[in-house]
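Colleague: Give the three-dimensional model of this entry:
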Amino acid sequence: MRTATLAEIAARSAAGESFDYALADFLDGFYRKPAAVALAEEPALLAPDLGDPGRVRDAYLAAVAEELSRRFSLPLPAWTLRADRSLRRPWFALELASMRAALILESPPGFRSRNLFVSEDALSRA
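Modeller: Purely as a prediction, here's the structure:
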């Protein structure tokens, strides 16, 4: 079953499925048919049940929504602006200290503004 919305990614992750797999599944469908409805519904917060990994995922989903909204000229969902959709401390997709500078430079604005540092192709699907 294709993940059709960001809210479904959170639900699948909360149920124990792989966040990364659900996100990849979502992106595959979204890139075939970009639509604001896929971003509009606010995903349930994962932090209450998953702690720090959940906080990262909560911010990540908001960053994905912002970046896809920007790339496809879709309206930015209001839920992405909530304070609980950003991290207080920086999070890096790669733990190697030598990669931090590259991730800081490469991170798309929607990620960087939430203290998430990822590669420039974090949302690409090959």
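
Colleague: ranges for the strands of the chain?
Modeller: Along the chain, the segments classed as strands by DSSP state E run 91-92, 116-117.

Colleague: Now tabulate the ones you listed in a markdown table and tack on mean pLDDT and distance to R82.
Modeller: Every C-beta, even on glycine, is put in place using the N, C-alpha and C of the backbone. Shown next, in a markdown table, are those (pLDDT from 0 to 100; distance: least, CB to CB, whole Å):
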| stretch | mean pLDDT | distance to R82 |
| --- | --- | --- |
| strand 91-92 | 96 | 17 |
| strand 116-117 | 97 | 15 |
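
Colleague: I'd like to know how many residues surround F30.
Modeller: 22 (other CB atoms under 10 Å).

Colleague: now P109
Modeller: Look at P109: counted by other CB under 10 Å, it has 11 neighbours.

Colleague: what's near enough to touch it?
Modeller: Residues near P109 by CB atoms under 8 Å, 6 or more residues apart in numbering: 66-67, 70.

Colleague: rerun that using 10 Å as the cut-off
Modeller: The contact partners of P109, taken as CB atoms under 10 Å, 6 or more residues apart in numbering, are 63, 66-67, 70.

Colleague: mind listing which of those are in helices?
Modeller: 63, 66-67, 70 (DSSP state H).

Colleague: Mind picking the two most distant members of the residues you listed?
Modeller: Using CB to CB, the pair of the ones in helices among the contacts of P109 lying farthest apart is A63 and R70, separated by 10.7 Å.
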